[in-house]
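Visitor: Next comes the sequence, and after it the predicted model I'd like to discuss.
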Amino acid sequence: MASTRISPARIAAYEVLRGVEAGGFASDLLRNRTRSLSAADAGLASELVFGVLRYRAQLDYLIERYAGRPACRLDGEVVLVLRMGIYQLRYLERIPPHAAVSEAVELIKRARKRSAAPLVNAVLRKVDRTPVAWPNASVELSMPSWLLERWEHQFGAETAAGIARAFLRPPERYVRVPDSRRGEAASLGLIPTELPGCYRLPNGSPGEFRLQDISSQAVVPLLELGPGQTFLDLCAAPGNKTAQALETPIRAVAADNKLEKLIKLRGLGADLVLLDATQALPFRRPFERILLDAPCSGTGTIGRNPEIKWRLRPEDLERHHRRQVAMLREALAVLAPGGRLVYSTCSLEVEENDSVVEEVLAAAPARLHLEAVVRRIPGVDAGDGFFAAVLTSK
């Protein structure tokens, strides 16, 4: 009997999930792996990858329920194929069950785990859509218990659950439309938001516009930029906030610590500087406006990067904190008198947000003032989670 053909979408999804397990990021891996696929296959591959990553805790619980042994006791290849199969059978109504089962069996053979084919077949044939009584909130919300407990302590149980549920849904897409091109927005079907220049993209391609989350677009207005001001974007890549700032005629410097990231900002209209922002900054003159959008854990972006929740460890937060404190101190050292600095992250964690600002201000000159703190919470506010502190120099 001829073997069942495996769809390019399922092969791509499996390979991307293997890459994520090895430390890669799903969005980057999908972009590269699906470039040659049809739109339909690329869409299914993306659905499988992000679905498996978002619902991983539920899927692993179901593996144990149907297989009679925990996922951690199975080979990694078997776990990935079972996660993909169960996700299709329970969560995707348009996938024929026979296709999900038969292609999973062929996929595990392709992964050189032929001896596991009977197990994969037997487990997936037990899967149905019967409601499940999940053992705890961590499994039900598919969130590591330590991270969920942190959010419960910080935001309350109801808001924490809302954050986790928001991260199980595919995120809305937003684009940035400069004033000079607002007339094009309606013709492309873009939907305006409450934030000037930010439009929701309900479907299709962004075309020439930059994809930029609404929470990201909410940071630059906090700088209160004015024509002719000197502006430093200290961790500028990939350049979305730099481009947004340059909608105002300012004198901009964009800096980052990786040359390959920095060169992608060529053509924006900013001077580019390669530097380590944790060290003394190489500028002779201070800046009237500074944006420090600091590298962070990214827990506010788990909706778009679900692998973060399975990869992050509690000890990582202290490492980020130390680096962020060093960056903020150096940034404030080049803030002009009467200047304005915005420190922001796409993290929900207090160590990377309030604690950084408090530690730096405790040792800072009295001329510095914390003017405002702004937060956006997934499940409460549209878009990613983010934190911003507005600091001014007297």
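Guide: Perfect, thanks for sending it.
Visitor: Now residue 44. Nearest residue, chain neighbours left out?
Guide: Leaving aside its chain neighbours, residue 44 sits nearest to residue 9 (3.8 Å; criterion: Cβ to Cβ, 6 or more residues apart in numbering). (C-beta placed from N, C-alpha, C; glycine too.)
Visitor: Next one: the one you found from residue 205, what distance?
Guide: 19 Å (Cβ to Cβ, to the nearest Å).
Visitor: of these two, who's got more company?
Guide: Taking other Cβ atoms under 10 Å, residue 9 and residue 205 do not tie; residue 9 has more neighbours (22 against 9).
Visitor: who are the neighbours in contact with residue 88?
Guide: Residues near residue 88 by Cβ atoms under 8 Å, 6 or more residues apart in numbering: 48, 95, 100.
Visitor: Export those to TSV and append columns for secondary structure and distance to residue 184.
Guide: Shown next, in TSV, are the contacts of residue 88 (DSSP: H, G, I helix; E, B strand; the rest coil; distance: Cβ to Cβ, whole Å):
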residue	secondary structure	distance to residue 184
48	helix	34
95	coil	37
100	helix	42
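Visitor: Most neighbours out of those, which is it?
Guide: Among the contacts of residue 88, residue 48 has the most neighbours (other Cβ under 10 Å), with 26 neighbours.
Visitor: Quick check: that residue touching residue 87?
Guide: Yes - between residue 48 and residue 87 there is a contact under Cβ atoms under 8 Å: 6.6 Å.
Visitor: ok, the nearest residue to residue 21 once chain neighbours are set aside to residue 14 distance?
Guide: Excluding the flanking residues, the one nearest residue 21 by Cβ to Cβ, 6+ apart is residue 76, at 6.6 Å. Note on residue 76: its distance to residue 14, by Cβ to Cβ, is 11 Å.
Visitor: for residue 49, same thing?
Guide: Using Cβ to Cβ, we find residue 49 at a distance of 9 Å from residue 14.
Visitor: Name the residue in those two with the higher neighbour count.
Guide: More crowded of residue 49 and residue 14, by other Cβ under 10 Å: residue 49, with 29 against 25.
Visitor: name the element that one belongs to?
Guide: helix 39-54 (DSSP states H and E).
Visitor: continuing past that helix, what's the next helix or strand?
Guide: helix 56-67.
Visitor: Now do that next one: everything it contacts.
Guide: The contact list for helix 56-67 (Cβ under 8 Å, 6+ apart) reads 52, 70-71, 74, 79, 82-83, 86-87, 90, 119, 123-124, 126-127, 132, 134-135, 138-144, 306, 310.
Visitor: in that helix, what's buried?
Guide: 56-63, 66-67 (16 or more other Cβ atoms under 10 Å).
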